[in-house]
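1. take this sequence and fold it.
(2 chains)
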2 protein chains.
Amino acid sequence: MKPGTLYGIGVGPGDPELLTLKGLRLLRSVPLVYVPVARPGARSYAREIAAEHLDLNRQQVVELVFAMREEPAVMQGHWKANAAVIAKGLREGSDVAFVTEGDPMLFSTWVHVAAALHETLPEAPIVVVPGISSPQAAAAAAGVPLADRDERLAILPATYEREGLLEALRSFDTVVLLKVASAMDRVLDALEALHLSCRAVYIGQCGRPDQEIVRDVRELRGRSLPYFSLLIIRRNA
Amino acid sequence: MKPGTLYGIGVGPGDPELLTLKGLRLLRSVPLVYVPVARPGARSYAREIAAEHLDLNRQQVVELVFAMREEPAVMQGHWKANAAVIAKGLREGSDVAFVTEGDPMLFSTWVHVAAALHETLPEAPIVVVPGISSPQAAAAAAGVPLADRDERLAILPATYEREGLLEALRSFDTVVLLKVASAMDRVLDALEALHLSCRAVYIGQCGRPDQEIVRDVRELRGRSLPYFSLLIIRRNA
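-> Sure, this is the predicted structure:
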């Protein structure tokens, strides 16, 4: 039997209406939908975003655990075990979907799911459906362009080593700092050193009901901020 | 009368199914849809992507000319004239949409449309609906991640001055080079100098029927390439 297709579907950063038409069609077409969770029984944001598009009378939702802060060897074991679960459905000829917040190719567990599945069942087709990423939704919500004309854009993840951060802020027109909550005070120091505080906009919980936009980022010093928080710094704002 | 709302809707890079549900709902809700063209009577890619979602029995499509290679003063005149056209509909109380390829906040005429409209009619609400960008669709089509874990991503537009390009390629995990066609031979020289040719993937006409993916980019030397062409260079592929 020919194996089914694994669809990696980006469901966007929070608002269920930011799913694409292609994502919706494929999500509704499969009997099995895999959702990532950080530990058994934990909330799955991707599942919450996808929930209103699913029909639980004919579709089964299966949680796959990805404990992101484990040692690499432990993580490898997770990927492998999850790939084995997904391969089972595919071998029976079913198409299945894995849903992921934001875009599957941008800071997503999807990349590891796809790699492990390809190793386990190389003959299974894999199709990626892009999703709206949080930088895009944040830029739209705040009305701040990410790039225009010949500008250069950098997107940096949560680890902010001072020199690398200063260098990016100096040489790029727009810098997006993701998951910035835990590093906010250090980031504010760097922005102040470069006189860029007034060029930064903070967006917390983008696309969720408790979304917050702060245009004077100096107010954020010392505040406890949510995990899904980012800064857009636009030099020529 | 309260003015209508201007929606800036990203329709994605080519495949009409990559429109979001929100984009579709708002696109269908307005009587007037503005589309950008480079000159009167020219093709509008955004219009072609949106076409199947429109109902021409009840919706009017209006072309706005944005001749992108004019002098700044001429361009300013374009923005202003187009804003006046859009403001007219809004003043009559209609909601209207401006559609744009890809994402409105990433290398799009939208940024100028919104700025000029805000100047002309500051009381009109402006809502941006994000769209799938070409780097995302290209990454999905080619199966190449844009960023994973603590990796850093840079997106650079068409002007590739050698030192800036080398610096970005040295310090970022993934670099996306947009509209690379006219600079391809120079870019290939830079990739070879850094031994990165084998880490680059070319995607031309992403999401269109004539999409092309080239994994040995050295084949591209001397070829005539389409305007919508990009490279994804992933250092640790």
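
2. mind giving me the domain ranges of chain A?
-> Listed domain ranges for chain A are A:6-129, A:134-234 (source: automatic domain parsing).

3. now the residue nearest the centre of chain A, nearest residue through space, not along the chain?
-> Nearest to the mean C-alpha position of chain A, by CA atoms, centre = their mean, lies A:Gly102 at 4.0 Å. By the measure of CB to CB, 6 or more residues apart in numbering or on different chains, the closest residue to A:Gly102 outside its immediate chain neighbours is A:Ser133, 4.7 Å from it. C-beta: built from backbone N, CA, C; applies to glycine.

4. go on, A:Leu156?
-> Using CB to CB, 6+ apart, the closest residue to A:Leu156 is B:Arg152 (5.1 Å).

5. quick one: contacts for the one you found?
-> A:154-157, A:164, A:168, B:171-174 (CB atoms under 8 Å, 6 or more residues apart in numbering or on different chains).

6. in strands only, show me those residues.
-> A:154-156, B:174 (DSSP state E).

7. neighbours of A:Asp210, just the number please.
-> 8 (other CB atoms under 10 Å in any protein chain shown).

8. please, where are all the strands along chain A?
-> Under DSSP E, chain A gives strands at A:6-10, A:32-37, A:60-65, A:96-100, A:126-129, A:153-156, A:174-177, A:200-204, A:212-214, A:229-234.

9. now the ones you listed in a markdown table, with mean pLDDT, distance to A:Leu54 and mean neighbour count?
-> Below are the strands of chain A laid out as a markdown table (pLDDT from 0 to 100; distance: least, CB to CB, whole Å; neighbours: other CB atoms under 10 Å in any protein chain shown):
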| stretch | mean pLDDT | distance to A:Leu54 | mean neighbour count |
| --- | --- | --- | --- |
| strand A:6-10 | 98 | 12 | 27 |
| strand A:32-37 | 96 | 6 | 22 |
| strand A:60-65 | 95 | 7 | 15 |
| strand A:96-100 | 98 | 9 | 28 |
| strand A:126-129 | 98 | 15 | 23 |
| strand A:153-156 | 96 | 30 | 26 |
| strand A:174-177 | 97 | 31 | 26 |
| strand A:200-204 | 97 | 27 | 24 |
| strand A:212-214 | 98 | 29 | 15 |
| strand A:229-234 | 96 | 28 | 24 |
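
10. next, format the ones you listed as JSON lines and append distance to B:Ala42.
-> Output for the strands of chain A, formatted as JSON lines (distance: least, CB to CB, whole Å):
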{"stretch": "strand A:6-10", "distance to B:Ala42": "32"}
{"stretch": "strand A:32-37", "distance to B:Ala42": "43"}
{"stretch": "strand A:60-65", "distance to B:Ala42": "47"}
{"stretch": "strand A:96-100", "distance to B:Ala42": "38"}
{"stretch": "strand A:126-129", "distance to B:Ala42": "31"}
{"stretch": "strand A:153-156", "distance to B:Ala42": "27"}
{"stretch": "strand A:174-177", "distance to B:Ala42": "29"}
{"stretch": "strand A:200-204", "distance to B:Ala42": "35"}
{"stretch": "strand A:212-214", "distance to B:Ala42": "37"}
{"stretch": "strand A:229-234", "distance to B:Ala42": "31"}
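
11. show me where chain A has helices.
-> Applying DSSP state H to chain A gives helices spanning A:21-29, A:45-50, A:72-91, A:110-120, A:134-142, A:162-171, A:184-193.

12. got the contact list for the residue nearest to the centre of chain A?
-> When contacts are taken as CB under 8 Å, 6+ apart, A:Gly102 is in contact with A:10-13, A:108, A:131-134.

13. do the same with A:Thr120
-> For A:Thr120, the contacting residues are A:80, A:83-84, A:86-87, by CB under 8 Å, 6+ apart.

14. write the PyMOL selection for whichever of those residues are buried.
-> Filtering the contacts of A:Thr120 down to the buried ones (16 or more other CB atoms under 10 Å in any protein chain shown) takes a single PyMOL command:
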select buried, chain A and resi 83+86+87
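
15. ok so, going back, tell me the pLDDT of the residue nearest to A:Leu156.
-> Looking at B:Arg152, its pLDDT is 95.

16. ok, back up a step: can I get the contacts of A:Thr120 in JSON lines including distance to chain B and pLDDT?
-> Output for the contacts of A:Thr120, formatted as JSON lines (distance: CB to the nearest CB, whole Å; pLDDT from 0 to 100):
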{"residue": "A:Lys80", "distance to chain B": "17", "pLDDT": "93"}
{"residue": "A:Ala83", "distance to chain B": "16", "pLDDT": "97"}
{"residue": "A:Ala84", "distance to chain B": "21", "pLDDT": "97"}
{"residue": "A:Ile86", "distance to chain B": "16", "pLDDT": "97"}
{"residue": "A:Ala87", "distance to chain B": "18", "pLDDT": "98"}
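
17. tally of neighbours for A:His53?
-> So A:His53, with other CB under 10 Å, has 18 neighbours.

18. brain fart, A:Asn57
-> 5.
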